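**Q** Fold the following for me, if possible:
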Amino acid sequence: MLKDAIKNALNEQVNAELYSSYLYLSMCSYFKKINLEGFATWMEVQALEEMTHAMKFFNFISERGEQVKLTKIDGPETSWASPLAAFEAVYAHEVKVTGLINNLVDIAIEHKDHATANLLQWFIAEQVEEETSADAVVQKLKLVGNDGGGLLLIDQELGRRVFVPPPGTTIMGGAGKGQA
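**A** So this is what the prediction gives:
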C-alpha cells in the first residue's frame, strides 16, 4: 500500500507520461504533414516509449494495491515554426519531465518508500538518455540550418529509429504479461 502523497504523485506522473505520448503523436502528425517521414517515425517511436513509461507507473501503482486515477489530458500544440523549433520543444519537455521524476524521488525519500525510490532509479537513467537524444537532434538541426540537403540526411537518420520496449515491460497489464 502506498502513502497518499506518493500515490497521488505517481498518479500525476501516469497522466504526465500519457500527455508526453500525446504530444509526440501530435509532433508525428506535424512531421507527416510537412513530408519529413523520418522525423515522424522518430516521434512515433517516442510516443510509444512514453506510453510504456506511463504503463510502468500504472502497473507499479496497481502492484502496490492501489487504483490508478486517470485525469483529463490537455491537447498538445499541433504545429511548430520549424523542425528545429519542434525538437527544441522536445528537449524542453524532457527537461520538465526530468524535474517531475526528480520530485518523485524526493517524495519517495521523504516518505522512506524504498520500493518507489527503486522504481524511479530506472526513470532517472532514462531521462538522461531522453535529454541527450533530443539535444543531439537539436544540435544537428542547428548545424545544418536552412540546408535542405542536411535536413533530408537527418530525416533519413531519424527514420531508422525503431521501438524497443524495455525488458519485462507490459503495455496492458495481464494481456501478454512479460511481453510488450
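**Q** Spell out, range by range, the helices that occur in this protein.
**A** 4-33, 37-63, 83-110, 114-144, 148-158 (DSSP state H).
**Q** Now do the buried residues in the last one.
**A** Spelled out, that is helix 148-158. Neighbour-count burial for helix 148-158, counted by 16 or more other CB atoms under 10 Å, picks out Leu151, Ile154, Asp155, Leu158. For the C-beta atoms, the positions are set from N, CA and C on the backbone; glycine is no exception.
**Q** With Lys3 as the reference, measure out to the last one.
**A** With the distance defined as CB to CB, to the nearest Å, Leu158 ends up 42 Å from Lys3.
**Q** again, but for the third one
**A** Taking CB to CB as the measure, Asp155 and Lys3 are separated by 47 Å.
**Q** tell me the contacts of the residue nearest to the spatial centre of the chain?
**A** By CA atoms, centre = their mean, the mean C-alpha position of the chain lies nearest to Glu50, the distance being 3.5 Å. By CB atoms under 8 Å, 6 or more residues apart in numbering, the residues touching Glu50 are Glu17, Leu18, Ser20, Ser21, Tyr24.
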